[in-house]
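> Predicted model and sequence follow; I will ask about them next.
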Amino acid sequence: MSESIAPPDPVEEAGNESFPASDPPEWTGTHAGAPTPAAPPSRGKDLETVRSAFAVSEAADRIERAVTTAGMKVFARIDQAAEAHSVGLSMRPAIVLLFGNPAAGTPLMIAAPTVAIDLPLKALLWEDPQGVAWLSYNTPDLLVRRHGLDTTLARTLQPAAGLLRRAVGA
């Protein structure tokens, strides 16, 4: 009787090496190139970007209030600039909010399980080099194009766009 030998487990084997993300290159401030110019408002694409009438932090607060008032849940608030600062880096203000309503999102994920990579919904508040605050968010068209989701089903998320826009005074 011969004993089979299992191939080495790549996950366990990787434990002996440093994970690439844990060893970032020395920061020069220009790894990604010069900052991009202010984003113009966009419509009818996968990503919508509109100017905010409020600073990044205040706009994020306003969106959180609007989302919870509308019966949705804020799952996370990620202050990207604070996280950068925690590792000795600096960046302009940027906050990502993850929010939604499981009763609304679950049917989409049942119809196309890969939609879960793009849900919950996200709102990015960010500041450009001129100090202007912007709101960016994915449109339902992204889910249709990326996951083959039925257009009618994807459009059930459209009211969230109006809520976001009103919250930032756009």
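Received the coordinates, thanks. Quantities reported herein were computed from a predicted structural model and do not represent experimental measurements. Residues are numbered from 1 along each chain as shown.
> Tell me, how many residues neighbour residue 134?
Residues lying near residue 134 (other C-beta atoms under 10 Å) number 22. Just so you know, the C-beta spots here come from the backbone N, C-alpha and C atoms, and that holds for glycine as well.
> Contacts only, for it.
Residues in contact with residue 134 (C-beta atoms under 8 Å, 6 or more residues apart in numbering) are 38, 39, 49, 50, 51, 52, 125, 126, 127, 128.
> Which parts of the chain are strands?
47-51, 73-79, 94-100, 121-127, 133-138 (DSSP state E).
> Please convert the ones you listed to TSV, extending it with mean pLDDT and distance to residue 164.
What follows is these, written out as TSV (pLDDT from 0 to 100; distance: least, C-beta to C-beta, whole Å):
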stretch	mean pLDDT	distance to residue 164
strand 47-51	95	8
strand 73-79	98	13
strand 94-100	98	9
strand 121-127	98	6
strand 133-138	97	6
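> Please identify the buried residues of the longest helix seen in the chain?
Scanning the chain for the helix with the most residues, using DSSP state H, yields helix 56-69. Residues 56, 59, 60, 61, 62, 63, 64, 66, 67 are the ones in helix 56-69 that count as buried (16 or more other C-beta atoms under 10 Å).
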